[in-house]
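Undergrad: Got a predicted model here, sequence first, then my questions.
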Number of protein chains: 2
Amino acid sequence: MEFGSFLVSLGTSFVVFVVLMLLFTWLSRKSGNAPIYYPNRILKGLEPWEGTSLTRNPFAWMREALTSSEQDVVNLSGVDTAVHFVFLSTVLGIFACSGLLLLPTLLPLAATDNNLKNTKNGTDTTSKGTFSQLDNLSMANITKKSPRLWAFLGAVYWISLVTYFFLWKAYKHVSTLRAQALMSADVKPEQFAILVRDMPSPPDGQTQKEFIDSYFREIYPETFYRSLVATENSKVNKIWGKLEGYKKKLARAEAILAATNNRPTNKTGLCGLVGKQVDSIEYYTELINESVANLETEQKAVLAEKQQTAAVVFFTTRVAAASAAQSLHCQMVDKWTVTEAPEPRELLWQNLNIKLFSRIIRQYVIYFFVALTILFYMIPIAFVSAITTLKNLQKIIPFIKPIVEITAIRTVLESFLPQIALLVFLAMLPKLLLFLSKAEGIPSQSHAIRAASGKYFYFSVFNVFIGVTLAGTLFNTVKDIAKNPKLDMVINLLATSLPKSATFFLTYVSLKFFIGYGLELSRIIPLIIFHLKKKYVCKTEAEVKEAWYPGDLSYATRVPGDLLILTITFCYSVIAPLILIFGITYFGLGWLVLRNQALKVYVPSYESYGRMWPHIHQRILAALFLFQVVMFGYLGAKTFFYTALVIPLIITSLIFGYVCRQKFYGGFKHTALEVACRELKQSPDLEEIFRAYIPHSLSSHKAEEHEFKGAMSRYQDFNAIGGV
Amino acid sequence: MEFGSFLVSLGTSFVVFVVLMLLFTWLSRKSGNAPIYYPNRILKGLEPWEGTSLTRNPFAWMREALTSSEQDVVNLSGVDTAVHFVFLSTVLGIFACSGLLLLPTLLPLAATDNNLKNTKNGTDTTSKGTFSQLDNLSMANITKKSPRLWAFLGAVYWISLVTYFFLWKAYKHVSTLRAQALMSADVKPEQFAILVRDMPSPPDGQTQKEFIDSYFREIYPETFYRSLVATENSKVNKIWGKLEGYKKKLARAEAILAATNNRPTNKTGLCGLVGKQVDSIEYYTELINESVANLETEQKAVLAEKQQTAAVVFFTTRVAAASAAQSLHCQMVDKWTVTEAPEPRELLWQNLNIKLFSRIIRQYVIYFFVALTILFYMIPIAFVSAITTLKNLQKIIPFIKPIVEITAIRTVLESFLPQIALLVFLAMLPKLLLFLSKAEGIPSQSHAIRAASGKYFYFSVFNVFIGVTLAGTLFNTVKDIAKNPKLDMVINLLATSLPKSATFFLTYVSLKFFIGYGLELSRIIPLIIFHLKKKYVCKTEAEVKEAWYPGDLSYATRVPGDLLILTITFCYSVIAPLILIFGITYFGLGWLVLRNQALKVYVPSYESYGRMWPHIHQRILAALFLFQVVMFGYLGAKTFFYTALVIPLIITSLIFGYVCRQKFYGGFKHTALEVACRELKQSPDLEEIFRAYIPHSLSSHKAEEHEFKGAMSRYQDFNAIGGV
């Protein structure tokens, strides 16, 4: 790619970003758009613009983001979000510190050497004479065996040490964040409960529920409160879903009646398109009565006959629950397994009944399947990145030639085509990975998301990074390798491919931050959808709310996406130090935009008290490790005599990871007792805690079944809140 | 080795065993020998011959051993001993079941083939024409590619499946044994205590003890009882040791006075040989008074100033202690680490103060050092086993030639020389390994012994088994390998060496069981030492008791020794099925002799509730794994086409090990709460539990310091018992 087209691409992206930011400034001030730009504040019961200035200044949101404190984030969006900001600022810190030293030293060293000129037609660069000005600023321009390589080796050390320092600080900080949240004086149901799975069959004459109660009462005569046994809810959920649907439709029909004074009608057949015409209000009222009766029958059946071998067990104190969640209960380890209870809203009931060994088998089967997926996706991506160069396209589809020959179009196409192809491919995967992760038998949403994020990270590193780097070169050198396959050939291949792909990744990163963050900030698409729905579809308040409800921060794709950028930046940081500027912009802009969105837009769908952090930490370290290995290979390819000095660094990374895991990880896996033993603001209402875990489809019934009859009004309130 | 010399060696061993057994029958009936043959019963307060028949029948002890139940063993020698019998009977079961099928099928198949005759001077056997009759019964006599190899492949499957079955049953059984012992209604101090290490420094103005008390009282306001902080005891131990020595000498002097009516005197200098002559009773009384004063001063100093960062913490219930030992207490995992408390008598106080990361580093350093030791020992053993063939000896030391030419001496020497050399070498190692294991920072004797046993096992498998197998051949083939080193060369080497070494190992095993168990049963050496000491040295009752005190079962060498025999038998079970008979005899005789010794002789020095089992289980499985790999190699060397069918078996072994670990191991690492929550016979005397952990050198003082003043008489009793 020419230097020119790179600058054009960068310029275009920047212009798009500025336009989107101006649009945001303009649109977000209109009060009709408030539910799109301030939904989190609205849902928290705050005034949308409270504390913010209604200025036309397009940078006002930045100031607000910068002045907000971590505590604001925790209050408005929870610990998980705050941890994500620690992630962003840590990476930003690493890149900034690295850039401060690397840019002023390495760039001049590279620019004043002349390896590329000397070996114009040599084997050292595969671009054979078409090298761009950018390459002059990269390590490719350093002569082999040059003493200047000492500086590059030093840079690897500097980046590694900076990373260790920031990671250590961040882990400590996140650990404190988590501890503070867990010792909060507020009552949180999940802190009083544990999840029990793999219960054996009860002895004759006992139900599963009686069995578990007697088992835990014997072990915890004083602190055991009660248990909520899991049930097979698929049928009752279905009925409940239908009932909720009818209720919505009835509300809609009533709203239409109120607005138009005409009694609305509908057809009873498929999608309301065929069948008998009936009066909607009467029809749905009848259906609701029917469903309620059905629901009650089914609820009774579920509780009596469909008890499963898992339960949520409640304790009277937090320490008792935290301690119980960490203790072995049964001499046979595969029975009565316990874990901390996840939040009620993120509990995956359908997975609870899966047995321990079944979970293990599922996990390995899915790992195998994901590995296949990673390999399978490699093929189309390699293919796309090979044909989406314009030259190849012209060969394949000759009739686009006239269009392509217009210089402007040509340049834009040349810059964006491969990247867009890549982005489209990547957009299709996350849902599949989340589905697979849930199929492992994981009991909570947050854990499933962590698992999916992990898979997605490995996917992106293998396919995007290594795939793109090697694919182009592979087309040329696959024959050589086939002739004489050797390991040093592969290292050579990676080493020669890396500098060549640098511009591709520079463009990729800039596209992601300017266009991606522009769209994120301006929320153009949700805005348009919201206004269309509001105008043509929504009739009731609930429907309008559903139309603007913002969703969460979707860590399953956000984290691995950021980690991919991190990996790319790491790996190129010494080879082409310019990428550090792009990395800093990506994480800096990302921090600003996300701060805005976290405070005003997104509503987290669960709280896992920062359990994402060990996951992120480990992958940052993995990226650093990859970087060190790549540099070992590349310095070797430069026939630098002291390349072996990278090896102590690689070992240090492994030890650092081990030490961090030993020191911090336990505190994320379990709740430390010193944290759980803090005083509460008030003695907890255990009945309320218990009810928080009753699934909606069973709630009205369960409450009765457990002899909860008084305080029916409070119970109603609770359900209303629980419905959010 | 000739077949004749093998039979002579076997016969000699057998005669020695019969003589020793007869000696045992004769000696054990003399009442003066009771402290040597029945010390465990005497210490338990039982009559030595109670329930046993004073017959001259030399097989009476076998009948007694066979009729004793597992419960007898648990009562008289503890769970650990019972677990060792499960080990022996499991291996016996595996070999018996294997032998039942293998001996009648494989032996005829091997005997009727004639590979060895056909390839007399070929490359397949390295014995080149000197093959013995034994080789005809081994797999070496099977022609290459013969369909008879199917039977040998089947035998590998049969042995593996039998092993899985017996191991699974045994693990389940031991798990139950452990659970029953832990839920016993008797009060055991270690079940009420946990061990806390890695405490941070206390805040200003608090002692370590106050800090730990306030920390645990906050977390366990109801179940925390008190703590016993570890102290730096080296100086006070020294004073206490001296004091005890003086007391003994005083008692001895008084005994002499009573017996001879002469006041004994001694010299004050080195070893009582030089210096001034003084009256012993006066001299030691004075020294005792001096030491008591010293001890008291030092005790105060220790408690006030030498508190360390570890402690034993006591709880009021067993469930509380079991649960606390499994829970994370501090958000930083490397602080306030907890484990179950070991028994008071096996606590290694000097290790408690070592910090977590220091322990980890020590562990790896020691692993490295042990690996070096294993490699270092390989050299002398290979050397010895090469020169201790008579031919070589004659070359080196020519003057022994005339002795050697006497046929009888020659045969005996030829059979025993290499084996004796090996045994001497092996006797030197265990103490070193135990010392190294303790230096890892392990807090209990039993754990250190497990660690030493593991190291010893790897040592013996690598050095004895692989070393001896390869050493002989190496001398011949080392030149070939040096010329052209390839992997298939190594596999070939192992495969051709294995059958050749079979006779060596047959002799080794038979030597071990006949001579080893003969000496074990007859206790000739302890008997002689005891009688000599009693006659010439001992003056007081305490000294006599010290002279016959039997010691424990010394698992650190017993377990790896048995495991080595197991490994050898496994590996030859299909190649030379005759070895199964020797294996069965070894473990059968071992079971009988040890049963006798466990019930009547040895006194266990700790009780770890069967924690040795997972360790043994894993190593039996490792031996099976090695067997499978060796068979894969050997079948391959026979160019058997379906050799690959061994691979599924190898994978099954790995999965089996994983599943066992998942299902059972947790119950051995921790105390399951359902086990700990059983009712006690009586409410525990917590003060007594606490006092059980006070080190002897601090005991008198500590009791005072902790305001234990009432019930002084009970305290005196306790000390008297604690002194055993």
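TA: Here it is on my side, so go on. Residues are numbered from 1 along each chain as shown, chains lettered A, B, ... in the order given.
Undergrad: Give me the buried stretch members for stretch A:670-684, please.
TA: Neighbour-count burial for stretch A:670-684 flags A:670-677, A:684 (criterion: 16 or more other Cβ atoms under 10 Å in any protein chain shown). Heads up, the C-betas are built off the backbone N, CA and C, glycines and all.
Undergrad: While we're on A:Leu423, how confident is the model there?
TA: Model confidence at A:Leu423, given as pLDDT, is 68.
Undergrad: What residue in the stretch 551-700 of chain A comes nearest to chain B?
TA: A:Gly666 (3.7 Å; Cβ to the nearest Cβ).
Undergrad: where does the stretch 451-600 of chain A have low pLDDT?
TA: A:467-502 (pLDDT under 70).
Undergrad: Apart from its chain neighbours, what residue comes closest to A:Glu298?
TA: Nearest non-adjacent residue to A:Glu298, counting by Cβ to Cβ, 6 or more residues apart in numbering or on different chains: A:Val236, 4.6 Å away.
Undergrad: same check, this time on A:Leu654
TA: Closest to A:Leu654 by Cβ to Cβ, 6+ apart is A:Phe625, at 7.6 Å.
Undergrad: Which strand or helix spans the one you found?
TA: According to DSSP states H and E, A:Phe625 maps onto helix A:612-637.
Undergrad: can you give me the offset of that helix from its chain's centre?
TA: 20 Å (Cα atoms, centre = their mean, to the nearest Å).
Undergrad: got it, and stretch A:324-333?
TA: So, by Cα atoms, centre = their mean, the centroid of stretch A:324-333 is 32 Å from its chain's centroid.
Undergrad: how long is it from one end to the other?
TA: In stretch A:324-333, first residue to last residue: 15 Å (Cα to Cα, to the nearest Å).
Undergrad: and what of stretch A:185-205?
TA: End-to-end distance (Cα to Cα), stretch A:185-205: 42 Å.
Undergrad: what mean pLDDT does it have?
TA: 90.
Undergrad: And that stretch, what's buried?
TA: A:187-199, A:202.
Undergrad: Find the nearest non-adjacent residue to the residue in the stretch 301-450 of chain A positioned nearest to chain B, please.
TA: Nearest residue of the stretch 301-450 of chain A to chain B, counting by Cβ to the nearest Cβ: A:Val333, 3.6 Å away. Nearest residue to A:Val333 in three dimensions, chain neighbours excluded: B:Gly666, at 3.6 Å (Cβ to Cβ, 6+ apart).
Undergrad: any idea which element the one you found lies in?
TA: helix B:666-669.
Undergrad: Would you list the phi and psi of A:Val313?
TA: Main-chain torsions, A:Val313, degrees, to the nearest 10: phi -110, psi 130.
Undergrad: Not counting sequence-adjacent ones, nearest residue to the residue nearest the centre of chain A?
TA: Nearest to the geometric centre of chain A sits A:Tyr555, at 1.6 Å (Cα atoms, centre = their mean). Counting by Cβ to Cβ, 6+ apart, A:Ile449 is the residue found nearest to A:Tyr555 once chain neighbours are left out, at 5.6 Å.
Undergrad: Where does the prediction get shaky in the stretch 601-724 of chain A?
TA: A:700-724.
Undergrad: what ranges do the helices span in it?
TA: For the stretch 601-724 of chain A, the helices defined by DSSP state H, counting those that start in this stretch occupy A:612-637, A:647-660, A:666-669, A:673-676, A:686-692, A:699-705, A:712-722.
Undergrad: Can you say which of these is nearest to A:Leu66?
TA: A:Leu66 lies closest to helix A:612-637 among those, at 22.9 Å (Cβ to Cβ).
Undergrad: which other helices and strands contact the closest one?
TA: helix A:70-111, helix A:149-182, helix A:445-460, helix A:487-511, helix A:555-573, helix A:647-660 (3 or more Cβ pairs under 8 Å, 6 or more residues apart in numbering or on different chains; DSSP states H and E).
Undergrad: gap between the longest one and the chain center?
TA: Right, helix A:70-111. Centroid separation between helix A:70-111 and its chain, computed with Cα atoms, centre = their mean, is 18 Å.
Undergrad: Name the residues of the helix or strand just after it that are buried.
TA: From helix A:70-111 onward toward the C-terminus, using DSSP H and E, the following helix or strand is helix A:115-118. By neighbour count with 16+ other Cβ under 10 Å, helix A:115-118 contains the buried residues A:115-116.
Undergrad: Pull the contacting residues for the residue in the stretch 51-200 of chain A positioned nearest to chain B.
TA: Relative to chain B, the nearest point of the stretch 51-200 of chain A is A:Ala179 (4.6 Å; Cβ to the nearest Cβ). Neighbouring residues of A:Ala179 by Cβ atoms under 8 Å, 6 or more residues apart in numbering or on different chains: A:667, A:672, A:675, B:331.
Undergrad: Excluding chain neighbours, give the residue nearest to the first one in space.
TA: Nearest non-adjacent residue to A:Gly667, counting by Cβ to Cβ, 6+ apart: B:Gln331, 4.4 Å away.
Undergrad: Now do the same for that neighbour: its pLDDT.
TA: Per-residue confidence at B:Gln331 stands at 90 (pLDDT).
Undergrad: Could you list which residues are in contact with it?
TA: B:Gln331 neighbours (Cβ under 8 Å, 6+ apart): A:175-176, A:178-179, A:667, A:672, A:674-675.
Undergrad: and it, backbone torsions?
TA: According to degrees, to the nearest 10, B:Gln331 has phi -60, psi -40.
Undergrad: Then the one 10 residues further on?
TA: Dihedral pair for B:Ala341: phi -80, psi 140, per degrees, to the nearest 10.
Undergrad: ok, and the closest non-adjacent residue to A:Ser89?
TA: Closest residue to A:Ser89 apart from its sequence neighbours, by Cβ to Cβ, 6+ apart: A:Trp591 at 6.3 Å.
Undergrad: got the residues of the stretch 301-450 of chain A near chain B?
TA: A:319, A:322-324, A:326-334, A:336, A:356-357, A:360 (Cβ under 8 Å from any Cβ of the partner chain).
Undergrad: Type out the PyMOL command that picks the buried ones from the residues you listed.
TA: Burial among those is assessed by 16+ other Cβ under 10 Å; the matching PyMOL selection reads:
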select buried, chain A and resi 319+322+323+324+326+327+328+329+330+331+332+333+334+336+356+360
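Undergrad: That concludes my questions; thank you for your assistance.
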